[in-house]
Structure formats: C-alpha cells, structure tokens
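Student: next one to model:
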Amino acid sequence: MQDTHTLPQGNLVFAQSNSVSNFTPAAVDKYIDVLEFGENGELFLATSNLNRRSWTGDIWWFAGAEDAPRREKAKAGYRLDSGIVRVKYIGNRQLVLGLDSGGIQLITLKTKKPENKEGGPAYFLELNPSPCEHDDRIADMDTWKSREVTPGGQQVLTAADNQLVTAGQDGRIVVWNKNQAVVHNLHPAHSSGVISVSCHPTNNNIFASAGQEGEIKVWDVRDSRPCETVYSDPAHPPAAISWYPGGEDRLLVATRTGTVFTIDVGSKKAHSHQEVADRELRNISWSIDRPHLAAVSGDDVTVIVLNTQGDKLSVEYTNSAHKDFVRALCWSSEGTLWSGGWDTKVIKHTI
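Tutor: Residues are numbered from 1 along each chain as shown. The predicted model follows:
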C-alpha cells in the first residue's frame with residue numbers, strides 16, 4: 001500500500017527540502033524555553049513568542065546542537081497556536097509537547113526520500129490531534145523512563161501503562177498512557193497551581209509534585225489515598241523538583257529563593273541546603289553519564305552545575321555567558337551540557 005501523508009492542521013513555518021516554504025519565519029524567536037536531545041545527537045528547540053499580537057510557540061528540529069539556533073541549519077520547524085512549556089522525546093521518532101493551552105501535542109518526525117539523485121531528503125513534523133485535560137496552562141511535564149537506550153544515548157519510555165504526567169496551574173495533575181488516554185485525573189492535587197512534577201526513575205506508579213502553596217507531595221497511583229506530603233516550608237518554597245537518578249528515594253529541590261537542598265522521602269527530612277542564587281530557580285537537569293551532576297538555572301543569566309555526591313551539595317561549575325534568563329538545560333549523551341536562554345543563544349558547557 002502506498003504511504004500517503006496528510007498535512008496536519010496548524011501553521012506550517014518551515015519545511016526545508018529543495019525549496020523553502022513561504023511560511024518560514026525570518027528567524028528563530030528570541031525566547032528559547034526548551035532544549036531536548038533525541039536520537040543520534042538530534043536537538044529539538046522550543047521557543048515561545050512573548051510580545052507579538054498572538055502568543056505562539058515554535059518547535060525546531062536540528063541535526064545537532066552545534067546547528068542551533070540558526071534557522072538555515074534547521075531540518076524542520078512548526079508553529080503552534082500556543083506557547084511550549086516542555087518537550088520530551090519518547091522514542092519511535094516521536095515528541096510530546098506540553099502547551100500553554102493546557103493540552104499536550106504528539107509530534108512524529110518524518111523524512112521523505114528524494115525523488116531523484118540530485119535532491120536531498122525532505123523533513124517535516126506530523127502532528128496528531130491535541131488532547132486537553134487542563135483548565136489552565138501546563139506548568140510542567142515529565143515522563144517515566146526505561147532502561148532502554150536509543151542510539152543517541154537517550155532513555156525512552158517503557159511499554160507500561162503510565163508514561164506521562166502533566167501538571168497545571170489549575171491545580172490538576174493528569175497521568176497519561178502511551179496512547180494519550182487519561183489513566184488518572186487528580187484534582188485538586190494541590191490547593192493552588194502545580195508548578196513542578198517529577199517521575200520516579202524506576203517505578204512508573206510514583207511521582208512527586210510541588211505546588212505554589214509551598215508543599216511537595218509524593219504520589220503512588222496504586223493506593224486508594226495516593227499522596228503524602230513530604231515537605232512544607234514557606235521560608236524555602238519549592239520551584240522545581242527532581243528525583244535523584246538510580247532509584248534513590250531522594251528529591252533535589254530548587255526554590256524560589258535561590259536555594260537548593262535534598263529531601264529524603266522516607267524520613268521527610270530536608271538537608272544539605274546550599275544557596276546558589278538570589279533569584280528563583282526554575283530548571284533541574286541531570287547529567288546522563290555522570291548522574292551525580294545536576295545543572296540548575298532560573299531567572300538569571302547563570303548556569304550552575306551541582307555535585308550531589310556525599311552528604312553535602314557543592315557547586316562544581318558556573319557560567320554567566322548568557323545575556324538574559326536561562327530557561328533551557330539539557331545534557332548530551334557525551335556528557336556535554338547545553339543551555340538556551342531568552343537571549344536567543346544556545347551555549348555549550350564542558351564540565
């Protein structure tokens with residue numbers, strides 16, 4: 001049967017082959033919010049427009065991080081009628097996007113072979129219908145990982161039922177399966193908006209969440225009473241949380257006051273407080289090849305890498321090369337950290 005392609009709904013902004021689409025934007029939007037690696041070193045970059053008449057988001061596909069954010073080096077791009085909060089590569093040449101609209105968007109990466117020897121392959125992004133379960137913007141999104149590793153060094157999703165968690169400013173947490181069907185809809189999960197969510201590294205029934213009211217909860221969706229509050233301290237309200245890699249029942253917490261610390265989930269004790277900034281921290285990203293290293297950034301120009309070995313957190317590396325807020329952090333499989341900011345720069349960090 002001949003393979004046919006139906007053009008997805010939306011605003012096509014870039015499809016590079018032998019010709020350039022008339023809808024190609026003049027440049028990548030200024031505000032880089034997300035970096036995500038796929039297979040074989042491919043980089044996906046998401047931007048959100050903050051100051052035009054309409055609030056839009058672009059997703060860009062680059063062959064490597066060195067090509068970003070140059071538009072002429074992009075394989076393909078797509079403009080959505082919503083800002084993009086998170087991007088996760090889930091294997092099988094697919095991405096999931098968390099949107100300001102409250103929905104999620106599944107994108108399939110497509111390559112069309114040239115019709116003749118002179119032409120090069122054409123690349124495009126195919127969009128599936130976008131389901132929406134939130135009444136406000138998605139604030140964070142995470143996926144459970146498996147032990148399977150792609151050729152590019154990235155872990156991909158398992159075949160289990162629970163695969164994706166979205167957290168919204170409506171106080172709702174939604175657990176999705178691999179078919180984008182809702183498995184659990186938890187509302188109200190927090191008394192205010194949910195600002196961060198992190199999936200357990202080895203158990204796809206457990207995740208943690210942080211709310212604007214300052215509480216951190218750990219969830220096990222198998223239980224009739226699925227959540228337990230493990231932290232609440234208005235002096236150090238959480239802004240971003242992430243499980244330690246390797247199945248340890250510990251959470252790394254970055255706060256609105258610029259402090260980072262560790263929570264032992266079993267004992268509910270917070271320790272190893274380290275002040276690394278004087279502004280809100282928004283992102284945590286763990287190294288793939290050195291799981292004791294975690295990068296953090298926020299409402300500042302500085303990228304900070306923490307060493308989490310031992311009983312105390314320590315600063316391993318800092319860099320202030322950006323000229324505006326650093327909102328995107330991602331590690332390559334080779335152990336290189338890449339950052340993206342609202343200055344339209346993508347910077348390489350060798351630690």
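Student: helices of the stretch 251-351 of the chain, start to end?
Tutor: Assigned by DSSP state H, counting those that start in this stretch, the stretch 251-351 of the chain shows no helices.
Student: quick check: closest non-adjacent residue to L164.
Tutor: W176 (4.2 Å; Cβ to Cβ, 6 or more residues apart in numbering). C-beta coordinates here come from the backbone N, C-alpha and C atoms, glycine included.
Student: list the contacts of P226.
Tutor: L186, W219, D220 (Cβ atoms under 8 Å, 6 or more residues apart in numbering).
Student: which residue is nearest the centroid of the protein?
Tutor: In the chain, the centroid-proximal residue (Cα atoms, centre = their mean) is R86; its distance is 3.9 Å.
Student: how close does E248 get to I263?
Tutor: 11 Å (Cβ to Cβ, to the nearest Å).
Student: so these two - more neighbours on which side?
Tutor: I263 (24 against 15; other Cβ atoms under 10 Å).
Student: the more buried one pairs with what?
Tutor: Applying DSSP bridges to I263 gives these bridge partners: L251, A270.
Student: I'd like the contacts of P226 as TSV, with distance to C132 appended.
Tutor: Formatted as TSV, the contacts of P226 follow (distance: Cβ to Cβ, whole Å):
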residue	distance to C132
L186	16
W219	22
D220	26
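Student: list only buried entries from those.
Tutor: Buried members of the contacts of P226, scored by 16 or more other Cβ atoms under 10 Å, are L186, W219.
Student: please narrow the contacts of P226 to those residing in helices.
Tutor: Among these, none falls in helices (DSSP state H).
Student: what is the nearest of the contacts of P226 to A240?
Tutor: W219 (17.0 Å; Cβ to Cβ).
Student: is it true that S232 touches K217?
Tutor: No - if you go by Cβ atoms under 8 Å, S232 and K217 don't touch, sitting 9.5 Å apart.
Student: if you count what's nearby, which of these two comes out ahead?
Tutor: K217 (23 against 14).
Student: who's that one bridged to?
Tutor: Beta-bridge pairing of K217 under DSSP bridges involves S209, T229.
Student: low-confidence ranges, the protein, go.
Tutor: 1-26, 52, 116-117, 146-162 (pLDDT under 70).
Student: hmm, try it at 50
Tutor: The model of the chain has pLDDT under 50 over residues 1-24, 147, 157-159.
Student: mind checking the SS state of E72?
Tutor: Classification of E72 using DSSP: H, G, I helix; E, B strand; the rest coil returns helix.
Student: so who does it touch?
Tutor: Contacts for E72 (Cβ under 8 Å, 6+ apart) come out as none.
Student: quick one on the thing from earlier: what's the burial count for the residue nearest to L164?
Tutor: Neighbours of W176 using other Cβ under 10 Å come to 23.
Student: who is it paired with across the strands?
Tutor: L164, V182.
Student: what comes up buried for stretch 106-115?
Tutor: With burial defined by 16+ other Cβ under 10 Å, the residues of stretch 106-115 counted as buried are L106, I107, L109.
Student: and stretch 312-322, by the same measure?
Tutor: L313, E316, N319, H322.
Student: out of these, which comes closest to G102?
Tutor: When these are ranked by distance to G102 (Cβ to Cβ), H322 comes first, at 29.4 Å.
Student: quick check, the closest one in contact with G341.
Tutor: Yes - the pair H322 / G341 is scored as a contact, 4.2 Å apart, by Cβ under 8 Å.
Student: joint contacts of the two?
Tutor: V301, I347.
Student: just to revisit the earlier point, among the contacts of P226, name the ones in strands.
Tutor: L186, W219, D220 (DSSP state E).
Student: which non-adjacent residue is nearest S191?
Tutor: E213 (5.1 Å).
Student: ok, back up a step: just the contacts of P226 now: which is nearest C199?
Tutor: Distances from C199 to the contacts of P226, taken as Cβ to Cβ, are shortest for W219 (10.0 Å).
Student: what sits against the closest one?
Tutor: Counting by Cβ under 8 Å, 6+ apart, W219 touches I173, L186, I206, F207, A208, S209, P226, C227.
Student: can you rerun that using 7 Å?
Tutor: W219 makes contacts with I206, F207, S209, P226, C227, as judged by Cβ atoms under 7 Å, 6 or more residues apart in numbering.
Student: mind listing what's buried along stretch 70-89?
Tutor: Quick answer for stretch 70-89 (16+ other Cβ under 10 Å): 71, 74-80, 82-89.
Student: V197: helix or strand, and which one exactly?
Tutor: Assigned by DSSP states H and E, V197 falls within strand 194-199.
Student: and the residue nearest to D278 when sequence neighbours are not counted, what does it touch?
Tutor: Spatial nearest neighbour of D278, chain neighbours left out: G258 (5.1 Å); criterion: Cβ to Cβ, 6+ apart. G258 makes contact with E275, V276, A277, D278, R279, L281, according to Cβ under 7 Å, 6+ apart.
Student: try S130
Tutor: S130 neighbours (Cβ under 7 Å, 6+ apart): G103, I104, Q105.
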